[in-house]
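# Got a predicted model here, sequence first, then my questions.
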Amino acid sequence: AQSVTQPDIHITVSEGASLELRCNYSYGATPYLFWYVQSPGQGLQLLLKYFSGDTLVQGIKGFEAEFKRSQSSFNLRKPSVHWSDAAEYFCAVGFNKLVFGAGTILRVKS
Amino acid sequence: ETGVTQTPRHLVMGMTNKKSLKCEQHLGHNAMYWYKQSAKKPLELMFVYNFKEQTENNSVPSRFSPECPNSSHLFLHLHTLQPEDSALYLCASSQDDQARNEQFFGPGTRLTVL
């Protein structure tokens, strides 16, 4: 069955530390891959997307993600986290329609 | 107004009430979506409209009734809801309903069913 998994429900990092949020998918072929962010009281906003080509994708707000076909993963990274990055992050994958992961809540401690 | 707007932002209703959620997009998109976001559950796609035609109904109970009068407006009519329907209802739009298109989300309507 086609699915997307975000293994971490919560992650806490110190401000200035690096961040990696995990996303794994189970599809027969490489689907379209997205990362969205949701700040409190707001809707989701696209951070970045991957369709094909260079497996390292740059997004907004200093985020990047790397597609690894062998691991069926599309992990989101940021070298240095800011307090304003505290939010919920969603991985989304699909061919005909998007399926969203359950989300990872990021807390940033000062 | 720009982007995707939703009204009301908060709604409290009894199980016997009838209410409607409204979504409007100012992006010139042709596809619109309703999602349900419940605590500790993945975002659930409810309905998709593309060029005013419904293209997806994700086994949503009939107490939720969508309406898309044009590509810019989307409604979700609610009647005889249950307490478990309490959630954040998000509207989104995209260029068309293909998965490769970025979806733009509104801020949501926080619904509480008493």
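Looks like it came in fine. Bear in mind that the values here come from a model prediction, so they are computed numbers and not experimental data.

# Any chance you could note which residues of chain A sit beside chain B?
Within chain A, the positions adjacent to chain B are A:31-32, A:34, A:36, A:41-46, A:49, A:51, A:90, A:94-103 by CB under 8 Å from any CB of the partner chain. (Glycine included, C-beta is placed from N, CA and C.)

# and the closest residue to chain B within chain A, what does it touch?
Proximity of chain A to chain B (CB to the nearest CB) peaks at A:Gly43, 3.1 Å away. Residues near A:Gly43 by CB atoms under 8 Å, 6 or more residues apart in numbering or on different chains: B:4, B:90, B:92, B:105-108.

# And stretch A:8-27, how far out from the chain middle?
Stretch A:8-27 has its C-alpha centroid displaced from the chain centroid by 8 Å (CA atoms, centre = their mean, to the nearest Å).

# Count the neighbours of residue 23 for me.
Picked chain A for this. 26 (other CB atoms under 10 Å in any protein chain shown).

# Sorry, I should have been clearer: chain B.
Neighbours of B:Cys23 using other CB under 10 Å come to 26.

# tell me the contacts of residue 19?
Assuming you mean chain A. Taking CB under 8 Å, 6+ apart, one finds A:11, A:13, A:76-78, A:81, A:85, A:106 in contact with A:Leu19.

# try chain B instead
B:11, B:13, B:77-78.

# And A:Gly103, by the same measure?
A:Gly103 touches A:6, A:9, A:38, A:88-90, B:42-43, counting by CB under 8 Å, 6+ apart.
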